[in-house]
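Q: Here is the input, now give the coordinates:
(chains A and B)
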Amino acid sequence: MTILDKADPANPPSAQASSSVPGVRTGSWRVVGILVVGVLVCAVLSLMIGNVGISPTTSVRALFAPDNSQAAAIIQQLRLPRTALLIVVGLALGLSGALMQGQSRNPLADPGLLGISEGASLAVVLAIFWLHISSPVAYGWFALLGAGLTAWLVFSISALRGGPSPLTLVLTGAAVSALASAIITSIITSNVSTLDQYRFWVVGSAAGRGLDVFWQVLPFLALGVVLTVVCTPAINLLQLGDDAARALGVRPGLHKFLGICAVMLLTGGAVAACGPIGFLGLVAPHVARLVCGPDYRWVVPYSGLIGAIVLTLADILGRVIAGGAEVQVGIVMALVGGPVFVLLVRRARLVQL
Amino acid sequence: MSSATTTTRLRPALRVGRASWRVHPRAVWCAAVTTLLMAALLVVDLAYGDLNIPFTDVVRALLGDTSGVNAFIVRDVRLPEASVALLAGLALGLSGALIQTIARNPLASPDVIGVNAGAAAGAVGYIVLFAAADTGAPSGVGADLAIPLAAFGGALAATALLYAAGWRGGLDGRRLVLVGIGIAAALTACTSWLLVAARLQTAASAQVWLSGSLSGVTSGNAWWLLLVVAVVAPCALWQGSALNIVELGDDTAHALGVRPSRAQAIALLCAVLLAAVAVSAVGPIGFVAFVCPQIARRLVGTSRPPLLTSALAGAVLVLAADVITRLWLTGLAVGVVTSLVGAPYFIYLLIRTRRTQS
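A: Numbering: from 1, shown residues only, chains lettered A, B, ... in the order given. Here you go, the predicted structure:
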């Protein structure tokens, strides 16, 4: 099922061995450095580009020493919150996608599969429908609440009778997602004003959100990143199966629990901030694997950084692609990212499912 | 176990001349029960509605009696919708089972590889482009037929794109699935953009189609669906044996006279055609294709989804959803009810069969 299952003698499943075999892709700190620089460049571009173009030096000056100019106001109030959100959300989605695929040993697993995106969407739809709420911060709280409740529901259903296996977890998540999405559909087809607000939230956008949204989701994302750092080293061993991992000194139950908690915090925070942006969590780990091979200790950080870069670039593209009108980042990313992903899959030696 | 010796119980087999099939008693039993359930649901679906008709009259009308008001209601008013429900369910269940077998992944289904996304983009594109100014929905004589046609065209275009982009000196079922994910994402983004850019009324009428509904189907839809299912489904079931051989590994498959990539590519084409025709008739109800193979697999107790039982389970699920929307939840779309019914049952099965999974 996974990339590590291939019976290829040149590609053994342990990182120490694969890094010593010539010709096998592996990660390196240099590439991580390049990716970090890439994130910073994208951040500066995101500050510069928009309806009003601002030069790089003015952007950086407005960031650290704001004056009373119009450029400084645009950067401080509009583009800075937006860029900060894009970077942390992209990072979170990339990290949680890689964790999710590693934990479930399924390369089609998407962080949304645990039901988190649909659960958050259902909470937002109910908030719009019953409470007539329309501010991003309020959406955020309801999305976090929905994500948390759904995650707890999925986890406890699949944990009935013993610890949750990755397959049951993912299948339960898919079933709960379908249930939530059915309820959403029945509400928005019967209530047009709810549909009107929901359709703009659900495509995923970073526009119109202030720094308050950023501070709102930051604690959840930060805790998610900490848990990711804790549980990533064991993912490679978990690929060998629970028994082998246990023999090598890993406690599979504990690590899976921590990993799932990390996925829930990261995805829940991302959905709360920008709406359910799909596809990035699924694709970023695949792109990372093309660069660094199958070692999850590299795949996870690569995937996070690639997620941040891709999401920021997609948002910049969405600002310029349609002239004055703006195309939401979720749409741009899938529209451009889909074909790019197809090209990558065509070029690469097949990533085995 | 104290004894080291093991005995293999011979399974019964069906032999006709040089051909032979292994018979799994439990699979036959499951298929028979689902078939009976499907027939019973079909009769119930035809019998109840605004006017309740006795079961005997329904059966008589189905067997060819055309006299009387009851026969007219059964044959001309209710049969198109019920048969579309049955056939679409069959097609989606079979399609999901094929794709999950090819991808060796229980998460794969036609909506993952872009068939539903293509149909949705086609239909929503048509609805948005030809929306009338007053109602927000397409009007005119051909609108009822044009939306399914646009959806079918969209699904076929997505398939053509899938095969064109997935071709690399040959086809590999598993590469096709990954390529399909990319195509699905791009097409879904097109649909979302259309929904955001459209006027609210138009978006609402597109959303009704997207939720999956049987309300507008005609006998024309039913015949078209029957034609495609009657041609493609036997072909797909025939490919099933080749897929079983492919499971043994590429070398063994070659030795047994099966070309793995060709068998997978043909099976995938069958799956895509079945899903495309079903989705164009009833809207993108993706959950049926995902869940029915999984339900069938747990009922029969095999490691891979059984093709025939998956198809029958699909028909049962969509027919049951149709009955429920007719009798109790009149405001809801069939696509919504398939999820409301199928998801809890699937969760129940997951909890019950937890121990038997690896």
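Q: How about residues contacting stretch B:215-223?
A: Under the criterion Cβ atoms under 8 Å, 6 or more residues apart in numbering or on different chains, residues B:76, B:79-81, B:83-84, B:87, B:144-145, B:148, B:281-282 lie in contact with stretch B:215-223. Heads up, the C-betas are built off the backbone N, CA and C, glycines and all.
Q: Look at B:G331 and give its secondary structure.
A: coil (DSSP: H, G, I helix; E, B strand; the rest coil).
Q: From B:I324, how far out is it?
A: The gap separating B:G331 from B:I324 is 12 Å, by Cβ to Cβ, to the nearest Å.
Q: cool, A:G281 as well?
A: Distance, A:G281 to B:I324, using Cβ to Cβ: 34 Å.
Q: For the two, work out which one has more neighbours and name it.
A: Remark: of A:G281 and B:I324, A:G281 carries more neighbours, 31 against 17, as counted by other Cβ atoms under 10 Å in any protein chain shown.
Q: Could you confirm the more buried one falls within a helix?
A: Yes. Assessed with three-state DSSP, A:G281 lies in a helix.
Q: That one contacts A:V263, doesn't it?
A: No. Using Cβ atoms under 8 Å, A:G281 is not in contact with A:V263; the gap is 9.1 Å.
Q: Are there residues contacting both of those two? Which ones?
A: Shared contacts of A:G281 and A:V263 (Cβ under 8 Å, 6+ apart): A:96, A:100, A:111.
Q: Looking at those, which is nearest chain B?
A: A:M100 (11.6 Å; Cβ to the nearest Cβ).
Q: mind checking the SS state of the residue in chain A sticking out farthest from the centre?
A: Most distant from the centre of chain A: A:N68, at 36.0 Å, with distances by Cα atoms, centre = their mean. Assigned by three-state DSSP, the conformation of A:N68 is coil.
Q: so who does the residue in chain A that chain B sits nearest to touch?
A: Across chain A, the shortest distance to chain B (Cβ to the nearest Cβ) belongs to A:G338, at 3.0 Å. Going by Cβ under 8 Å, 6+ apart, A:G338 touches A:279, B:182-187, B:189.
Q: top of those residues by neighbour count?
A: Busiest of the contacts of A:G338 [other Cβ under 10 Å] is B:G182, holding 29 neighbours.
Q: For residue 346, pull up the helix or strand it's in.
A: In the absence of a named chain, chain A is used. Element membership for A:R346 (DSSP states H and E) is helix A:329-347.
Q: actually it's chain B I care about, not the one you picked
A: Per DSSP H and E, B:F346 falls inside helix B:334-352.
Q: Remind me what that helix packs against, helices and strands.
A: Taking 3 or more Cβ pairs under 8 Å, 6 or more residues apart in numbering or on different chains; DSSP states H and E as contact, the helices and strands that helix B:334-352 lies on are helix A:136-159, helix A:166-190, helix B:286-300, helix B:307-327.
Q: is the shortest one anywhere near chain A?
A: Yes. For helix B:286-300 and chain A, the contact criterion (Cβ under 8 Å from any Cβ of the partner chain) is met by B:287, B:290-291, B:294.
Q: As CSV, those with distance to B:P305, neighbour count and pLDDT would be great.
A: Shown next, in CSV, are the residues of helix B:286-300 next to chain A (distance: Cβ to Cβ, whole Å; neighbours: other Cβ atoms under 10 Å in any protein chain shown; pLDDT from 0 to 100):
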residue, distance to B:P305, neighbour count, pLDDT
B:F287, 15, 30, 82
B:F290, 11, 25, 83
B:V291, 11, 30, 85
B:Q294, 7, 25, 84
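Q: What segments of the chain are strands?
A: Let's take chain A. Secondary structure of chain A (DSSP state E): no strands present.
Q: meant chain B actually
A: B:13-16, B:19-22.
Q: mean pLDDT lowest for which of those strands?
A: Among the strands of chain B, strand B:19-22 carries the lowest mean pLDDT, a mean of 68.
Q: So what's the residue count around the closest residue to chain A within the stretch 201-350 of chain B?
A: Here the residue of the stretch 201-350 of chain B nearest chain A is B:S339; by Cβ to the nearest Cβ that distance is 3.6 Å. Applying other Cβ under 10 Å, we find 28 residues neighbouring B:S339.
Q: Can you get me a residue count around residue 41?
A: I went with chain A, as the question did not name one. Neighbours of A:V41 using other Cβ under 10 Å come to 12.
Q: you looked at the wrong chain, it should be chain B
A: Neighbours around B:L41, by other Cβ under 10 Å: 23.
Q: so what's it closest to, chain neighbours aside?
A: If the residues on either side of it in the chain are set aside, B:L41 comes closest to B:L319, at 4.2 Å by Cβ to Cβ, 6 or more residues apart in numbering or on different chains.
Q: Looks like that neighbour contacts B:T34 (just checking).
A: No. Between B:L319 and B:T34 there is no contact under Cβ under 8 Å: 11.1 Å.
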